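In: Compute the structure for the input listed below.
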Amino acid sequence: MPRNVTEEIRRTLDDKPIVLYLKGTRDVPTCGYSAVVVDILARLETEYEAIDVSGDAELREGVQAYAGWPSFPQLFVRGRLLGGADLIRELDRTGELKGLMAAPSEAPAPSA
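Out: Just a heads-up that it's a prediction; the model follows:
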């Protein structure tokens, strides 16, 4: 049976509250932008699913199409794309990111 990448992404985002698609792993990010987001999430002590898109062109292109976002990393919270490194850095700077990582009933909507 052929792989349905869109369904795979949708399932992952439905199953995991916080998902980071990145280049590399949380232990060894292979690009500076991915490292920035991994560092921010570590500092906030956020639990998340990290998915490496480096070696999987079909997944990488599928995530880009699904999100309508051309670059990585891509951080999703409760199925919603928050953005890449620059947006995550800004949400962290303003303090909004910590609130977005809270339980769904406690999380405010992002202003970005």
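In: so where does the residue nearest the centre of the chain fall, helix or strand?
Out: Nearest to the centroid of the C-alpha atoms of the chain, with distances taken as Cα atoms, centre = their mean, sits residue 75, at 1.8 Å. Counting by DSSP states H and E, the element that carries residue 75 is strand 74-77.
In: Name the residues of the helix or strand just after that strand that come out as buried.
Out: Note on strand 74-77: by DSSP H and E, the next helix or strand toward the C-terminus is strand 80-83. Residues of strand 80-83 classed as buried under the neighbour-count rule (16 or more other Cβ atoms under 10 Å) are 81-83. Glycine gets a C-beta too; all of them are placed from N, C-alpha and C.
In: Name the strands paired with strand 80-83 and say parallel or antiparallel.
Out: strand 74-77 (antiparallel) (DSSP bridges).
In: Only C-alpha atoms, please: export the strand it pairs with in CSV.
Out: Below are the C-alpha coordinates for strand 74-77, written out as CSV (Å, rounded to 0.1, in the frame of the first residue of the first chain):
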residue,chain,number,x,y,z
GLN,A,74,8.1,23.9,12.1
LEU,A,75,6.5,23.8,15.5
PHE,A,76,2.9,22.7,15.9
VAL,A,77,0.9,23.0,19.1
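In: Thank you kindly, that will do.
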